[in-house]
Each structure stands twice: as C-alpha cells, then as structure tokens.
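Enquirer: Sequence first, then the predicted structure:
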Amino acid sequence: MPPALLEVTDGVHVGALFPRHLFNTVVVEGPEGDVVIDAGFPWSGRRLARFTKDRTVVEHAVTHAHGDHVGSTAWLCAHTGAPLAMSDVEADDFEHGSVAWHAGVAARYGIAPLAHRRRVVDRRLAEGDTVGGFEVVAQPGHSPGLLAFWRAADRTLIVGDGPINLSTDPTDPHWLRVPDALHHDPAAAVASRRRLQELEPDLVVSTHGHPVRGLDRWAAGVGAAGR
C-alpha cells in the first residue's frame with residue numbers, strides 16, 4: 001500500500017519518504033494553508049506529489065540545507081508554486097554556494113551533492129519568526145543554520161535531525177545515534193538539542209524517524225546522542 005500522510009497531532013502530518021520513516025516530510029496545516037517541511041532526497045518527488053495532492057501549499061520550509069532534506073526542494077516549489085523559506089544563515093550557500101558542511105569527508109562528498117538543484121530563497125528565517133503557526137527556533141550544530149519549529153500551545157516540536165527514533169511506539173523509543181561525521185559541529189549539535197529540552201516539549205516530530213511522546217523520553221535520546 002502506498003504511504004499516506006499520518007496526522008500525529010492537531011494539524012501536523014508526517015509523510016514517510018524513502019527509506020520509509022528514516023526520512024520524512026512534515027505537512028503543517030497553517031492559518032493560511034499548508035506548509036511542507038523538508039523535501040527529502042532528489043527522488044522524493046512522486047511521494048511528495050501524492051502527499052500534496054488536493055492541498056493548498058502556501059510555503060515550503062526546510063530545517064536545513066543538507067542534501068537529504070532539500071534534494072527535492074526545487075522540484076516541490078515548482079510543482080506546488082510555493083515559496084521557499086530557510087535559515088538566513090544557510091540561504092546564500094544554498095542559492096549559489098557549497099552546502100558541504102559535514103565534519104566527515106564521506107558525508108561531504110556523498111550527501112552534499114544531493115542538493116544539486118537550487119533555487120532562490122524567498123524568505124530567510126531567523127529565530128522568533130513564524131512558520132505555519134510554529135515559532136522558529138535556532139538549533140545550530142548539525143548544520144550552521146539548523147532550525148526547529150515550536151508550537152507552545154500543545155508543546156509540539158518539529159526537528160530536522162537526530163537522535164532518530166526507530167520505534168513506532170512514541171512512548172517507547174529506540175534510538176539511532178547520528179554519527180559525528182554527519183554533523184557540522186558535533187558538540188554544538190548536542191548543546192542545541194539540550195537547549196530544546198528547556199522548551200519541555202510533549203511531542204517531538206522529526207523528519208528522521210518516528211515521533212516521540214514525553215519530555216523524559218526525548219531527554220533520554222538527547223543524552224544517548226551526547227555520549
């Protein structure tokens with residue numbers, strides 16, 4: 001059966017890309033229409049088209065400009081007509097520079113080229129901006145300008161990278177640690193995740209892996225990633 005969008009909380013839907021659930025897109029029903037967060041690999045177009053069919057996409061936002069998150073970004077914007085929003089820190093590099101920010105050589109040469117299709121960034125995001133009813137939170141470390149999206153009303157946090165929950169049960173996560181070589185600055189990545197704990201999220205939705213329910217469970221994953 002083809003994957004379908006799964007509503008994980010009010011107005012927030014997760015769509016599994018490929019490989020399924022290791023890579024996701026998140027569709028947020030905003031006050032003016034839908035926002036699609038992250039676009040996966042360059043071959044994600046068919047599933048993105050299925051997820052956005054009959055929806056009014058008013059913006060495509062990305063957590064960061066790594067190739068496994070923006071590989072289909074240019075395609076998605078062209079397909080839906082949606083403007084692109086991303087971190088002001090990463091916008092220039094995405095438009096006409098290098099996004100090879102990984103600490104490991106293999107990742108720089110293996111993942112960064114997946115972002116070969118570029119386009120103009122229509123809105124440059126900074127901490128405190130709003131995307132689909134979510135507040136933008138800066139989370140540098142995994143990439144220079146990694147962003148998270150926070151909705152205080154129901155304590156829902158949308159993140160772009162690790163730690164990765166492999167369990168379909170949000171109350172019983174099984175963690176996959178993101179290797180240091182995939183980070184821009186491994187120490188800063190852990191520090192930023194610990195800062196996110198201060199928000200006390202109840203539900204963490206990621207574009208890698210399954211959602212996690214409960215601050216204590218998310219904190220355990222952050223601790224595991226910091227070892």
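Expert: Great, that's in hand.

Enquirer: Next one: the residue nearest the centre of the chain from Val105, what distance?
Expert: The residue lying closest to the centre of the chain (C-alpha atoms, centre = their mean) is Gly160, at 2.8 Å. Per C-beta to C-beta, to the nearest Å, Gly160 is found 22 Å from Val105. Every C-beta, even on glycine, is put in place using the N, C-alpha and C of the backbone.

Enquirer: Which residue ranges of this protein form helices?
Expert: 45-52, 67-70, 73-80, 88-96, 105-110, 186-197, 215-225 (DSSP state H).

Enquirer: so Ala61 makes contact with Val131?
Expert: Yes - Ala61 is within contact range of Val131, at 4.9 Å (criterion: C-beta atoms under 8 Å).

Enquirer: show me where pLDDT drops low in this structure?
Expert: Low-confidence segments of the chain (pLDDT under 70): 1-2, 225-227.

Enquirer: still on that earlier bit, okay if I get the helices of the chain as TSV plus distance to His174 and mean neighbour count?
Expert: Formatted as TSV, those follow (distance: least, C-beta to C-beta, whole Å; neighbours: other C-beta atoms under 10 Å):
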stretch	distance to His174	mean neighbour count
helix 45-52	24	18
helix 67-70	21	26
helix 73-80	30	20
helix 88-96	30	17
helix 105-110	23	14
helix 186-197	18	18
helix 215-225	10	17
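
Enquirer: The ones you listed: which one's closest to Pro173?
Expert: Closest to Pro173 of the helices of the chain, according to C-beta to C-beta: helix 215-225, at 5.5 Å.
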